[in-house]
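Undergrad: generate coordinates for the sequence data below:
(one chain, ligands or ions: 2)
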Amino acid sequence: RRHAAPQRVTVLGATGSIGTNTLDVVARHPGRFEVFALTGAQRVQELAALCARWQPRFAVMPDESAAARLRTLGREQGWRTEVLSGAQALSDVAAHPAVDIVMGAIVGAAGLAPCLAAAKAGKRLLLANKEALVVGGGLFMSAVHEGGATLLPIDSEHSAIFQCLPEDPSSWPSRIDHIVLTASGGPFRQRDPSTFADITPEQACAHPNWVMGRKISVDSATMMNKALEVIEARWLFGLAPEQIRVVLHPQSIIHSMVVCRDRSVLAQLGTPDMRVPIAYGLSWPERIESGAEMLDFLTLKALTFEEADAARYPGLQLAWETLRGPAGSTCVLNAANEVAVEAFLQRRIRFDQIHQVNTGALAAGLIEAGMSESVDGLLALDARVRRHAGEQVAALAR
Ligand code: NAD
Ligand code: MG
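TA: Ligands and ions are numbered 1, 2, ... in the order given. A predicted model of the protein is given here:
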């Protein structure tokens, strides 16, 4: 291993929570990995610091004015990374022939195009960006197969399932009865639902077990995150909607389970630390040091399980509803939810109104009859839903 050439890594969303954890794991293995490109949307200072530290060949920011500020910092700080801007540049550094591994850690549907580009280019694609599969799972999986990409799940639940399954995916359907995704229940598992209208963005972002970006933190509080993960699992593991179940497990030690045809149950356990699935994605089928704490069984008080209460988490069931609905339904759910969560974070709508915006969009008949699952079709639908949800937000905020 020590004698092999370093594997070149592009980190899409390098300034975020998953991006930072990815670079933390990479830093533990000098000589094994080399950073080829880093991307970020806003935090120019942070991205500059990463360029100084990692000296990548490229840095990309979607917005040209942000990229110009980054170039200025590069001149001042004396690093030589080439700074590009625009959506096409994100896809270019994901599909570049010199790249071996792409970490897809952009949040939201904005990650779809660059992750698709990596898939089509046959990369080893580490997928944290669950929204890409929710927007266009069928399309995405075809791109992975046609491009000959290796798709490795980074979401902790999906990494757990993947770790419980043999390497050859063709054997999965015959061995899986169903899977059980565990959910912590988020910060409001025990809060009186009659007070949900008073929830602030700060309270929603204070997750009991994980430190994450703001969007996924709010999704965890509503359990829309688990709904997105049910949809993600459907595509990653080729399951029918009824083969995916959810159970609350407040300690977040069991990261998910596979229930086999013979009723044997396989689970993956560990301390809640995203560096474990990231390290596995980077090294699969080998295993490397991740930096995570050892799980100490003697200090674990108990592993407990509860049913996810549909009244407390009304968004969860939308996963199965949209999976069974017409093509495009999960794209509608994702786009509405992105708009609603952003509006909640900006204090324009209440926490409990996120679900209202989502169900409103699903009921609005925004999917054209006989819609085909093409990138253009899905992105046009995504844009229609964002307009509709934006109007709903404006009406609620009035
Ligand atoms: P984050 O908000 O911390 O980081 C998001 C990254 O994406 C940042 O680098 C940001 O600059 C970039 N970005 C945002 N909007 C963009 C746009 N329009 N175009 C290009 N880049 C953009 O989010 P995160 O917590 O790191 O999550 C990233 C993804 O990983 C999400 O899809 C999330 O659901 C998934 N995920 C995260 C965790 C976690 O522990 N944080 C766990 C499982 C899955
Ligand atoms: Mg998860």
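Undergrad: contacting residues around Pro372?
TA: Slight slip there: residue 372 is Ser, not Pro. Ala327 (C-beta atoms under 8 Å, 6 or more residues apart in numbering). C-beta here means a position set from N, CA and C on the backbone, and glycine is covered the same way.
Undergrad: and it, which of the three is it?
TA: What DSSP: H, G, I helix; E, B strand; the rest coil gives for Ser372 is coil.
Undergrad: which residue does the stretch 101-250 of the chain bring closest to ligand 1?
TA: Nearest to ligand 1, among the residues of the stretch 101-250 of the chain, is Gly213, at 2.5 Å (C-beta to the nearest ligand atom).
Undergrad: can you count the residues close to that residue?
TA: 17 (other C-beta atoms under 10 Å).
Undergrad: and the pLDDT for it?
TA: The pLDDT attached to Gly213 in the predicted structure is 96.
Undergrad: and the gap between it and Val25?
TA: 18 Å (C-beta to C-beta, to the nearest Å).
Undergrad: what's the closest non-adjacent residue to the residue in the stretch 101-250 of the chain that ligand 2 sits nearest to?
TA: Of all residues in the stretch 101-250 of the chain, the one sitting closest to ligand 2 is Asp155 (4.1 Å; C-beta to the ion). Of all residues not flanking Asp155 in the chain, Lys130 sits nearest, at 5.7 Å (C-beta to C-beta, 6 or more residues apart in numbering).
Undergrad: same thing with Leu50?
TA: Distance criterion C-beta to C-beta, 6+ apart; nearest residue to Leu50, sequence neighbours excluded, is Leu38 at 5.3 Å.
Undergrad: same check, this time on Phe162
TA: Nearest residue to Phe162, sequence neighbours excluded (C-beta to C-beta, 6+ apart): Pro153, at 5.3 Å.
Undergrad: where does the stretch 251-398 of the chain come near ligand 1, residue by residue?
TA: With C-beta under 6 Å from any ligand atom as the criterion, the stretch 251-398 of the chain meets ligand 1 at residues Met274.
Undergrad: my guess is the residue nearest to Phe162 contacts Leu165. True?
TA: No - with contact defined as C-beta atoms under 8 Å, Pro153 does not count as touching Leu165 (10.7 Å).
Undergrad: buried residues in the top helix by length along the chain, which are they?
TA: The residue-count maximum for a helix in the chain (DSSP state H) belongs to helix 375-397. Residues 377-379, 381-382, 384-386, 388-390, 392-393, 396 are the ones in helix 375-397 that count as buried (16 or more other C-beta atoms under 10 Å).
Undergrad: likewise for stretch 218-237?
TA: Here stretch 218-237 shows 218-237 as buried, counting by 16+ other C-beta under 10 Å.
Undergrad: now check that stretch, is it near ligand 1?
TA: No - with C-beta under 6 Å from any ligand atom as the criterion, ligand 1 is not reached by stretch 218-237; the gap is at least 6.9 Å.
Undergrad: still on that earlier bit, between Pro153 and Leu165, tell me which one has more neighbours.
TA: Taking other C-beta under 10 Å, Pro153 and Leu165 do not tie; Pro153 has more neighbours (26 against 18).
Undergrad: re earlier: now the longest helix of the chain: average pLDDT?
TA: Mean pLDDT, helix 375-397: 96.
Undergrad: what's it packed up against?
TA: With contacts taken as 3 or more C-beta pairs under 8 Å, 6 or more residues apart in numbering; DSSP states H and E, helix 375-397 sits against helix 112-120, helix 130-147, helix 329-345, helix 353-363.
Undergrad: who touches it?
TA: Under the contact criterion C-beta under 8 Å, 6+ apart, helix 375-397 has outside partners 109, 112-113, 116, 135-136, 139, 328, 331-332, 334-336, 338-340, 343, 348-350, 353, 356-357, 360-361, 364, 366-368, 371.
Undergrad: near ligand 2, list only the ones from the residues you listed.
TA: By C-beta under 5 Å from the ion, no member of the contacts of helix 375-397 lies near ligand 2.
Undergrad: now the residues you listed: which count as buried?
TA: Burial by neighbour count, judged by 16+ other C-beta under 10 Å, picks out 109, 112-113, 116, 135-136, 139, 328, 331-332, 334-336, 338-340, 343, 349-350, 353, 356-357, 360-361, 364, 366-367, 371 from the contacts of helix 375-397.
Undergrad: and the nearest residue to Thr15 once chain neighbours are set aside, what does it touch?
TA: Leaving out its chain neighbours, the residue that sits closest to Thr15 by C-beta to C-beta, 6+ apart is Gly40, at 3.6 Å. Gly40 sits next to Gly13, Ala14, Thr15, Gly16, Gly19, Glu46, Leu47, Leu50, Ala59, Met61 when contact means C-beta under 8 Å, 6+ apart.
Undergrad: quick one: which of the buried residues of helix 375-397 is nearest to Pro201?
TA: Nearest to Pro201 among the buried residues of helix 375-397 is Val393, at 14.8 Å by C-beta to C-beta.
Undergrad: tell me the pLDDT of the closest residue to ligand 1 within the chain.
TA: Residue of the chain nearest ligand 1, by C-beta to the nearest ligand atom: Gly16 (1.9 Å). With respect to pLDDT, Gly16 scores 98.
Undergrad: list the contacts for it?
TA: Neighbouring residues of Gly16 by C-beta under 8 Å, 6+ apart: Gly40, Ala105, Ile106, Val107, Gly213.
Undergrad: secondary structure element for the residue of the stretch 251-398 of the chain found nearest ligand 2?
TA: Nearest residue of the stretch 251-398 of the chain to ligand 2 (C-beta to the ion) works out as His255 at 8.2 Å. Using DSSP states H and E, His255 falls within strand 254-260.
Undergrad: can you name every helix or strand that that strand contacts?
TA: With contacts defined as 3+ C-beta pairs under 8 Å, 6+ apart, strand 254-260 has these neighbours: helix 156-163, strand 176-183, strand 265-269.
Undergrad: understood, closing this out.
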